[in-house]
Structures are given as C-alpha cells and as structure tokens.
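J.: Take a look and give me a structure for this.
(one chain, ligands or ions: 1)
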Amino acid sequence: MSPPLSYVHPTPESPWGTYLAQVDRVVPYLGRLARWAETLRRPKRTLIVDVPIEMDDGTVAHFEGYRVQHNLSRGPGKGGVRYHPAVTLEEVMALAAWMSIKNAAVNLPYGGAKGGIRVDPKALSLKELERMTRRYTSEIGLVIGPNQDIPAPDVNTNAQIMAWMMDTYSMNVGATATGVVTGKPIHLGGSLGRVKATGRGVFVTGREAARRLGIDLEGARVAVQGFGNVGSSAAELFGQAGAKIVAVQDHGGTMVNERGFDLAELVPHVKAQGTVAGFPGGEAADAESFWDLRSDILIPAALEGQITAERARRLRTRVVLEGANGPTLPAADDILADRGILVVPDVICNAGGVTVSYFEWVQDFSSFFWTEDEINLRLDKIMVGALKKIWDTADGHAITLRTATFAVACERILMAREERGLYP
Ligand code: NAD
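T.: Below is the predicted model of the structure:
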C-alpha cells in the first residue's frame, strides 16, 4: 500500500540499500509491532539546503547541505554532521537511520538524525570553513534545537565546528543555547571524555566480546582501518590493555608492524602529518593487503562499505568491531557469520560517542558538570548493559548481533510509535 520513496535509488551495496536489507532481516522478530515497520523505511523529515559562501578570493561558492531526521518517536533527533566531498542525501539518510537504531539500542531518549555537506573541507581556509559552517547552521536552523534535533561531530568535523554551530544558533535565537550541539569545547559546555568516547565504546564492546570468546587482550593482534578520532582512540585503549596494533590504514597509506606499533610515536606522527603514511616505526604495505593480514580483532573505523563479500571471504580475524558506521555490506555479513567471525555491529559498537553526547546534553541542561571518571564509569556501565541485552537476544533467537541489536532497538522505536499513536 505504501509506494516506494521517489527521491532515493538504493542498490544492495549503497548505504540506504544496506540499511533497508538490515530492516528486512529484523522484521520477522518484531511480532505484532511489524505492522509499523514501514515507518523504519522512510525518514520522517529530509531537508536539503543550499550553502553559498564568499571565498577568500572574492568568488562565491555553493555547497549542498543536508539534515535528515529519520525517526523522532523516542525524543529529539540526534546525530553528527559530516563534511566530505562524497556525501549524498542517500548516505545521510542511512546514517540518520542508523542513529535511530543506535540511540534506541543503548536506550537514550533520542530519535535519529544526521547531517552533512558535500564539500572537501581540506580545500577550504579556516575562515571559509567557518563561513560555510555558520551558513549551514542558519539554513538547518529551521529544524535543529536543544529539544528538536542536536547535531554533533562526525567525519571531518570537530569541537571548533560545534562551537561555531552553537554560536550561530544562539545568535539567531537571541540566547546562548549550549544544548543545541554536543562535542563542544570543554569551556563552552562540552563534556570531559567526549572526544575519545566513541573509541572507548569500541574498546568496551571489544573487551566484552573478547572475554566471551576467550581471547586474551594481552598480546592480541589488532588491525585498524581509519586512524582518526575513533580509530586512534580505540587503538590507544587496546594498546593500554596489552594488545598489539599490528596494522593501520588511512586515506594516505597502509602501515604494518608485526611487533605492534609504538602508539606514543604514531599518534603524534598522524597529528603532524595528517596520515599514518611515512611513519618510520613500521613498514608500508599495499592497501588491499590490509584485508589479508592475520589479526584477532579488526576495527574498521573509516567509511561505509569497506567489508565487501570478496574481502569477507579473505579476512583472517576472529572479531570485527565496527567503529565506522555501515562498514560491512549485508552480503559480507552473511559470509562472516558462516565463517564464524563475530561482528559487533556499528549500532552498538560505536554508540559510546552518542552516549557521552547525551551526558553532555544533560550536563548542559542542569549546568552541573561531572568528572571524567564519572563519565567513563557511566559509559562503561551503559555499554556493557546494552551489549548484554543484545547478546541475550541473539542467543535466544540464534541470530547475529546485528539483527539482535536491530530487534532490541526497533522494538523500542515501534513501541513508542504505537503508544504515541498516529496524528491526527
Ligand atoms: P575522522 O575524520 O576523525 O577519521 C576518519 C579516518 O578515516 C581518517 O583516518 C581517514 O584518513 C580515514 N579514511 C578516510 N577515507 C579512507 C579510505 N578510503 N581508506 C582508509 N581510510 C580512510 O572521523 P571519525 O570521527 O573517526 O569517524 C570515523 C567513522 O566512525 C565514521 O564512519 C563515523 O561515522 C564513525 N563514527 C564517528 C563517531 C564520532 O564520535 N566521531 C561516532 C560514531 C561513529
């Protein structure tokens, strides 16, 4: 009865196609709530904006910006903003939908949203980046707000960009509104522990998975794709737990070190050079060979669609921890499950960032700030509790952790949908 969306053309390998396949897999486990499943296949609100800015040389450039609110049944929208030349509406829709699932999986009182600008931010000066961020914030000002939809950092966005967004929104409404974005600088209402929270959540879920599988983290071999915020923070925590980071890959290159990288040297190298490439404490390797390396834990922490069916057949690892959103295609998921390689899916694995974003938002509302220890302890407790429920669900139905996470989350979303009822 519901005609398909006209404005998106998903394929089995595209982000929205991947998400739709994941929804199809969970529907048989939704019982009577399956009646509402179509709501998961359609974003509630999709905003496309033109972002014109004056460049430093006096010319005018236009960028395409998006804010998608996938589902708001459980609370305001929540999700990051991505600056990347390959951002599309379809990608932002999928990222928004995964936020709905993630927020419900860890039981945060949020719906799911995501934003993005189709731009190469590295080609802009700092002033151009600020003008673009401010104009984008004003354009999406129609739909964001501390009680409506709360953006946060994602790929190529950071605390400075959140500060500009907070300031622009505050100027427009005539009052300082710290709760409109999370991931802000600490002295502007940011939270301790936020920067590394996603990586910490990846570590916590990885530690639990390793414990259940009997993998000793001391000496465990870890490979990390994407050495930005998420990948480097997770790598540091695995390193502190005694694991060896034996391979790292980013947009600039692939480096391996059988004895394990010295992260105290690698992290500053990446800060200074912008890439792992050229790091003297390891050997350069061919990009595709990254997927053949033997590891106990593999952490994709870059972009979507990295673990294809072909790569899934070659992987030599025991656990995949999805730091990135959407790194594994559905066909690859099946192959990994058949091969007995455990996948801790993005929608729980990387939920640490939004969990501490939630702490930040709560702290902003109460103007009372917690210590970093309190934050890390609460984060650990929430992630461990959420993962246990998901694991029990997976065991109960003999399904993958991904489908179990969708089952737990979709039940919460659709229950809220049913209880609120349809308006009018
Ligand atoms: P980031 O911009 O800090 O880092 C991205 C990393 O990916 C960089 O190291 C970059 O070089 C690498 N990369 C880009 N293209 C690549 C390619 N083709 N091959 C290999 N590496 C490539 O971004 P981030 O915040 O660390 O986000 C990484 C992933 O984690 C994204 O999927 C994002 O959506 C997800 N995520 C981030 C957060 C957060 O709090 N930042 C929260 C949840 C999920």
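
J.: From Phe359, how far out is the residue of the stretch 101-250 of the chain found nearest the ligand?
T.: Closest residue of the stretch 101-250 of the chain to the ligand, CB to the nearest ligand atom: Gly228 (1.8 Å). Where you see a C-beta, it was placed from the backbone N, CA and C, and this is true even at glycine. Distance, Gly228 to Phe359, using CB to CB, to the nearest Å: 22 Å.

J.: Can you pick out the residue with more neighbours from these two?
T.: Remark: of Gly228 and Phe359, Phe359 carries more neighbours, 24 against 18, as counted by other CB atoms under 10 Å.

J.: Quick one: residues contacting the more buried one.
T.: 191, 193-194, 370, 375, 378-379 (CB atoms under 8 Å, 6 or more residues apart in numbering).

J.: Let's check: the centremost residue of the protein is which one?
T.: For the chain, the residue sitting closest to the mean C-alpha position, by CA atoms, centre = their mean, is Asn325 at 4.7 Å.

J.: Isn't that residue up against Glu304?
T.: Yes. The criterion here is CB atoms under 8 Å, and Asn325 meets it with Glu304 at 6.5 Å.

J.: Now for these two: what residues contact both?
T.: With CB under 8 Å, 6+ apart as the test, Asn325 and Glu304 both reach Ala94.

J.: quick revisit: pretty sure the residue of the stretch 101-250 of the chain closest to the ligand is touching Asp250, no?
T.: Yes. The criterion here is CB under 8 Å, and Gly228 meets it with Asp250 at 7.3 Å.

J.: Please enumerate the shared neighbours of the two.
T.: Common neighbours of Gly228 and Asp250 are listed as Ala302 (criterion: CB under 8 Å, 6+ apart).

J.: From the contact counts, what lies against the helix or strand containing Val224?
T.: In this assignment (DSSP states H and E), Val224 forms part of strand 221-225. Judged by 3 or more CB pairs under 8 Å, 6 or more residues apart in numbering; DSSP states H and E, the packing partners of strand 221-225 are helix 229-240, strand 244-250, strand 297-300.

J.: any idea of the angle that strand forms with helix 229-240?
T.: If you take axes from the mean of the first three to the mean of the last three CA atoms, to 10 degrees, strand 221-225 sits at 170 degrees to helix 229-240.

J.: which neighbours does strand 221-225 have in its sheet, and in what orientation?
T.: Sheet pairing here is set by DSSP bridges, and for strand 221-225 it gives strand 244-250 (parallel), strand 297-300 (parallel).

J.: Now it: buried residues?
T.: 221-225 (16 or more other CB atoms under 10 Å).

J.: Any part of it near the ligand?
T.: Yes. Part of strand 221-225 sits near the ligand under the criterion CB under 6 Å from any ligand atom, namely Gln225.

J.: For that strand, which outside residues touch it?
T.: 231-232, 234-235, 238, 243-250, 290, 293-302, 306, 317, 323-324, 327.

J.: likewise stretch 379-389?
T.: Residues outside stretch 379-389 that contact it (CB under 8 Å, 6+ apart) are 105-107, 193, 197, 200-201, 204-205, 208, 344, 348, 351-352, 355-356, 359, 408.

J.: Grab the CA positions of it and hand them over as PDB.
T.: Extracted C-alpha coordinates of stretch 379-389, given in PDB (Å, rounded to 0.1, in the frame of the first residue of the first chain):
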ATOM      1  CA  LEU A 379      29.700   5.000  29.800                       C
ATOM      2  CA  ASP A 380      31.200   1.600  30.600                       C
ATOM      3  CA  LYS A 381      28.100   0.600  32.600                       C
ATOM      4  CA  ILE A 382      25.600   1.600  29.800                       C
ATOM      5  CA  MET A 383      27.600  -0.100  27.000                       C
ATOM      6  CA  VAL A 384      28.100  -3.400  29.000                       C
ATOM      7  CA  GLY A 385      24.400  -3.400  29.900                       C
ATOM      8  CA  ALA A 386      23.200  -2.700  26.400                       C
ATOM      9  CA  LEU A 387      25.500  -5.300  24.900                       C
ATOM     10  CA  LYS A 388      24.400  -8.000  27.400                       C
ATOM     11  CA  LYS A 389      20.700  -7.500  26.400                       C
END
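
J.: Report the spatially closest residue to the residue nearest to the centre of the chain, excluding sequence-adjacent ones.
T.: Using CB to CB, 6 or more residues apart in numbering and skipping residues adjacent in sequence, the residue nearest Asn325 is Asp346, 5.0 Å away.

J.: Roughly how far does the one you found sit from Asp167?
T.: Noted for Asp346: a distance of 31 Å to Asp167, by CB to CB.

J.: So these two - more neighbours on which side?
T.: The residue with more neighbours, out of Asp346 and Asp167, is Asp346; 25 against 19, by other CB under 10 Å.

J.: what about that one, distance to Pro121?
T.: Distance, Asp346 to Pro121, by CB to CB: 23 Å.

J.: Same check on Asp262?
T.: Plainly put, Asp262 is 30 Å away from Pro121 if you go by CB to CB.

J.: between those two, who's got more neighbours?
T.: Each of Asp262 and Pro121 has its neighbours counted (other CB under 10 Å); Pro121 has more, 18 against 15.

J.: Identify the residues contacting the more buried one.
T.: Contacts of Pro121 by CB under 8 Å, 6+ apart are 83-84, 129, 156.

J.: When you filter the residues you listed down to buried only, what's left?
T.: By 16+ other CB under 10 Å, the contacts of Pro121 give 83-84, 129, 156 as buried.

J.: most surrounded residue in the contacts of Phe359?
T.: Busiest of these [other CB under 10 Å] is Arg194, holding 26 neighbours.

J.: Isn't it up against Leu188?
T.: No. Contact criterion CB under 8 Å: Arg194 and Leu188 do not qualify, at 11.9 Å.

J.: Among the buried ones among the contacts of Pro121, which ones are in helices?
T.: Leu129 (DSSP state H).

J.: What are the buried residues along stretch 159-179?
T.: Result for stretch 159-179 [16+ other CB under 10 Å]: buried residues 159, 161-169, 177-179.

J.: JSON lines for the residues you listed, including distance to the ligand?
T.: Output for the buried residues of stretch 159-179, formatted as JSON lines (distance: CB to the nearest ligand atom, whole Å):
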{"residue": "Ala159", "distance to the ligand": "11"}
{"residue": "Ile161", "distance to the ligand": "12"}
{"residue": "Met162", "distance to the ligand": "11"}
{"residue": "Ala163", "distance to the ligand": "16"}
{"residue": "Trp164", "distance to the ligand": "17"}
{"residue": "Met165", "distance to the ligand": "15"}
{"residue": "Met166", "distance to the ligand": "17"}
{"residue": "Asp167", "distance to the ligand": "21"}
{"residue": "Thr168", "distance to the ligand": "21"}
{"residue": "Tyr169", "distance to the ligand": "20"}
{"residue": "Ala177", "distance to the ligand": "21"}
{"residue": "Thr178", "distance to the ligand": "18"}
{"residue": "Gly179", "distance to the ligand": "18"}
